[in-house]
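Enquirer: got a sequence here, can you model it:
(chains A and B)
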Amino acid sequence: MSKSSLDRRTFLRGLLGGAAVSIALPPLDIFMNGNGTAYAAGSGLPVRFGLFMWGNGILPDRWRPTGAEFDWELSEQLAPLAGVKEHVSVVTGMEVRVPNIEPHHATAAGILSGSPLILEGDHRTFSAASIDQVIANQIGGDSRFKSIEFGVDVDKGSSYNGPDNINPPETSPAALFERIFGGSFRLPGEDAEPDPRIGLRLSVLDAVSGDIARLNKRLGATDRERLDQHLTGIRELEQRIDRLANLKVGEACAVPGEPLPAYPDIDGRPQMAERNRALTDVMVMAIACDQTRVFSNFFSNPVGNTLYRDAPAGHHQLTHDEPGTQPEVHKIVLQIVEEYAYVVDAFSKIEEGDGTLLDNLVLFGTSDVSFGRTHSPKDFPILIAGAGGGRLKKGYYYHSDTEENASDVLLTMANTVITGNGGIPLSEFGNDDGLTQSSLGALEI
Amino acid sequence: MLNLKQVAVAVSAAALLAGCLESSPAMVDVSEVPLVPGDAAIKRLTQVQYENTIEDLVGDDIIVPASIEPDLPSDGLISIGSARTTISPLGVEKYESAAYAIAQQMTVSDAVMKRVVPCEWGGPNDTGCMQEFVESFGRRAWRRPLTEDETASLMAAATSGTTGLGTFAAGVEMAMAAILQSPNFLFRVELGEADPTSAGQNRYTAYEMATRLGYFFTNSTPDDALLDAAESGALLNEAGVRAQAQRLLDSPRARDAVRNFFAEYFELHNLDHLSKDSIVFVHMDKDLGPDAREETLRVVERIVFDNEDYLNLFTTRETYVNRRLASLYGIPAPVTEGFGAVTLPVDGGRRGLLGMASILALQSHPIATSAVLRGRFVRTKLLCGTIPPPPTGVNTGIPEADANARTLRERSKVHQEEPVCANCHALMDPIGLGLENFDSIGRWRTHDNGALIDPSGFIDDYEFMDAWDLGRLMAEHPDSPGCLVKNIYRYATGSVEEFGELEAIEALIENFKISGHRVQPLMVEIAASPGFRKVREIENE
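Expert: Purely as a prediction, here's the structure:
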């Protein structure tokens, strides 16, 4: 992709009735926020947030690095980060403070939302939005997709807008590609046929919005919230239709290669690495093209019993049943960290501005528990890759000797991304025991 | 521990009594039992309901896109999750794509379009015929007549199509796309109204009853007869509901609906992605899970529609296998291609639900078996017991097999010996260990790591000798019938029963027992019961 393609200033827009008209636009303002002001602090490029979450935790004794600050050595479990160590900060010793009322699920809610899990019988849900959505609610309006959720071997994921209000992940690389780069996606400069159906789709969505408004009046409070989410979805779809027809892309944008139609299991084992890499390759370009600024990769399920390459049993089973130092669990953690490293590396390879995409990213790697065997909420695994637009230290190691609140890290990341998009920082993160009003200053520049 | 003989005698005496009373069963009148009805909640169509509904609306040759918003089971049932979940932004996109894919297939030719357009249309400006279409298709799709506002709004969408693209078909397409993306279609809107026959109470409206009956008995949208019964008011009284329930039970779709209930109940959808190492298990391939599900669903379908005693599910030797399952079970394959009826050998150790590959494989790890998962399934799903979540901060490791402890029973002794484990594991392990003669995909075995398996166990005070005997115990266990009733009730209402519904459920359980555990009458009883027909008033603050 050359920059010259951005000079194209006329966009064809399909209008009601099929007539196409050319509209002259003012100079491109891709990296302006909604108010038309440029993104503050240095590069002038927006900061993006990514989540990489896996199930069943780590082995804390083999996870913790040695050393401190900028002078530290990778641990056994972090060895796969060797090639990207300079970009990754490691935080250990933090505690997820929400009540640990149900193994895995309570601490998953804690590390992603800083808020307690709701558990009634066999019904469980986060009680508050997860960090990806907290951030997306502040900055997501500026890009075509407010956020994008996907996963490798996962069912419902953990991206919550609120209680019982989930953003299910896409698991097919081909479907993810189609969603972002398929249909009438055309890079500026490429021939685009005006689509007379765009206006019609918007008219149809008007009718649907009207239905929602009429129905809403008859509902109780809980149902009204559910339908409000439907309406939000309709509004976002309208916006996406409009933004696709008037596409703006980031300077490093290129359409990625199309993934394989399927990545079937081999000998009963999912192709975790291949699927992760195919999804990541699409996602990296979705970020480079500024189609979204928030993404979540739900790599594997809490309590997930994925049969990893070479493992003698399912992951979750091994974390509990394997005696001693758990060499098999260790090997699985290595496979997972290797995939996190792949994501870091992929973002570091795309140039943007004077640096790379990674300079303007906050990539949060974590799990649903610390030590899987005991479901520990202490010494939680936290990885942060990317410089957050120059706001975060890179390649830094911080260990909390005082079991500080893990929500401090959430507040740090959220505010890094929010201010990196010209937004107003949050004053607190989480609820109840997980609530914090202080960010983790050690990570910040 | 008690021997079960006394209980067994009591149970068979009750069965005998039920047999004697068959001519004049002493059924409890559920409508006379005090009830505080549950809350109203809109329910998002499940994936299967969406597909069935589209098929019933437009014909089964129309391809329904497979990728729509995924179901989110809650409290063990997809149908309960459907009453809690919303529609995500990605879901909105997928429903939009699906709506256009369907609408475009329906307008591809005049012949196809005539299926849904009830009048002869003229040019693009034939608003009279367009309105007829909108009103008739809207009534089917939204399961009630449209209001004037709604018709006007859909006519606007249609007009944008006819003026924009210049054809009548484009108007039909746009109106249909709007109807199929509407919350009135994607959600079952069941809110209730004041009940004029009992002051201070609310009931579901006639059309809402049509919807509830349609999805309960056919897992699909109400048919014309049901909507007509709603229009006539027949669904507002118990007799009218019973008549329609019985009619629907006799329709072919009822079989799908019953299969769907049991698939949800036993979580058989997870068999689509069964993860088992195919190097360890030569029988494993991607079809094993779906085949195992088919076996289970064929057996429940027969039990329900041949009016067998539901408890046969735990002891039956009459099952259905194809070559793959026959090979797994080590029995002769049916002579015909595909599935055929077989009788499991009387000395084979395998019978009933807990001898089926579906349950045995699902409630196992990818390679190893799990007494915990299997025991938990029996305890929570089949007996409706509760088990607290495992504690945190406990070392959960169990030793690897060695010369002193080769079988799972020996290796997991710690579950029984450590007080912190024993309280809960006593509820699961002694049941699951009884199924150790089946490996993690359900193949029979007598030894584990070279040691003879001891398959004896107990459920609370009731002992059993092996998996075969566990089947007998499940059929005799006092909680088995009630647990099915509770699950069908939850499935039908889309919610977990509240305190105010318990007495009514007890009455339903009583009647189920009196009927000799016949599922069809149970479904009719549930539909006719106030718990299915009444609803709490919506608080609109």
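
Enquirer: just to be sure, A:V362 is in a helix?
Expert: No - the assignment for A:V362 (DSSP: H, G, I helix; E, B strand; the rest coil) gives strand, which keeps it out of a helix.

Enquirer: just grab the bridge partners of it for me.
Expert: The residues listed as beta-bridge partners of A:V362 by DSSP bridges are A:F49.

Enquirer: surely it and A:L410 touch.
Expert: No - under the criterion of CB atoms under 8 Å, A:V362 is not in contact with A:L410, lying 10.9 Å apart. For the C-beta atoms, the positions are set from N, CA and C on the backbone; glycine is no exception.

Enquirer: the two: who's more crowded?
Expert: The neighbour count for A:V362 versus A:L410, taken as other CB atoms under 10 Å in any protein chain shown, is higher for A:L410 (29 against 25).

Enquirer: give me phi/psi at that one?
Expert: Its backbone dihedrals place A:L410 at phi -60, psi -40, with angles given as degrees, to the nearest 10.

Enquirer: how close does the closest residue to it other than its chain neighbours get to A:V417?
Expert: Once its chain neighbours are removed from consideration, A:L410 has its nearest residue in A:F429; the separation is 4.8 Å (CB to CB, 6 or more residues apart in numbering or on different chains). In this structure, A:F429 lies at 12 Å from A:V417, with CB to CB, to the nearest Å as the measure.

Enquirer: what's near enough to touch the residue nearest to A:L410?
Expert: Going by CB atoms under 8 Å, 6 or more residues apart in numbering or on different chains, A:F429 touches A:G114, A:I131, A:V134, A:S407, A:L410, A:L411, A:A414, A:L435, A:T436.

Enquirer: what residues are bridge-paired with it?
Expert: Following DSSP bridges, A:F429 is listed with bridge partners A:T436.

Enquirer: tell me the mean pLDDT for stretch A:94-106?
Expert: Throughout stretch A:94-106, pLDDT has a mean value of 95.

Enquirer: cool, stretch B:308-321 as well?
Expert: Along stretch B:308-321, the predicted confidence averages to a pLDDT of 98.

Enquirer: from start to finish, how long is that stretch in a straight line?
Expert: Start to finish, the residues bounding stretch B:308-321 are 20 Å apart (CA to CA, to the nearest Å).

Enquirer: how far is that stretch from where the chain is centred?
Expert: On the basis of CA atoms, centre = their mean, to the nearest Å, stretch B:308-321 sits 18 Å off its chain's mean C-alpha point.

Enquirer: again, but for stretch B:522-541
Expert: What separates the centre of stretch B:522-541 from the centre of its chain is 19 Å, taken as CA atoms, centre = their mean.

Enquirer: now do the buried residues in that stretch.
Expert: Residues of stretch B:522-541 classed as buried by neighbour count (16 or more other CB atoms under 10 Å in any protein chain shown): B:522-538.

Enquirer: how about stretch B:235-254?
Expert: Within stretch B:235-254, the residues that count as buried by 16+ other CB under 10 Å are B:L235, B:L236, B:G240, B:V241, B:A243, B:Q244, B:A245, B:R247, B:L248, B:L249, B:R253, B:A254.

Enquirer: also stretch A:137-156?
Expert: A:138-140, A:142-156.

Enquirer: may I have that stretch exported as PDB, CA atoms only?
Expert: Taking Å, rounded to 0.1, in the frame of the first residue of the first chain, the C-alpha atoms of stretch A:137-156 are listed here in PDB:
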ATOM      1  CA  ASN A 137     -17.400   2.500  25.100                       C
ATOM      2  CA  GLN A 138     -15.000   5.400  25.400                       C
ATOM      3  CA  ILE A 139     -13.100   5.200  22.100                       C
ATOM      4  CA  GLY A 140     -14.900   2.600  19.900                       C
ATOM      5  CA  GLY A 141     -17.100   5.100  18.200                       C
ATOM      6  CA  ASP A 142     -14.300   6.400  16.000                       C
ATOM      7  CA  SER A 143     -13.800   3.300  14.000                       C
ATOM      8  CA  ARG A 144     -15.900   1.100  11.800                       C
ATOM      9  CA  PHE A 145     -16.200  -1.700  14.500                       C
ATOM     10  CA  LYS A 146     -16.500  -0.600  18.100                       C
ATOM     11  CA  SER A 147     -14.700  -3.800  19.000                       C
ATOM     12  CA  ILE A 148     -14.000  -7.200  17.500                       C
ATOM     13  CA  GLU A 149     -14.100 -10.400  19.500                       C
ATOM     14  CA  PHE A 150     -12.700 -13.700  18.300                       C
ATOM     15  CA  GLY A 151     -11.300 -16.900  19.800                       C
ATOM     16  CA  VAL A 152      -9.400 -20.000  19.000                       C
ATOM     17  CA  ASP A 153     -10.900 -22.900  20.900                       C
ATOM     18  CA  VAL A 154     -13.600 -21.100  22.800                       C
ATOM     19  CA  ASP A 155     -17.400 -21.000  23.200                       C
ATOM     20  CA  LYS A 156     -18.900 -17.900  24.500                       C
END
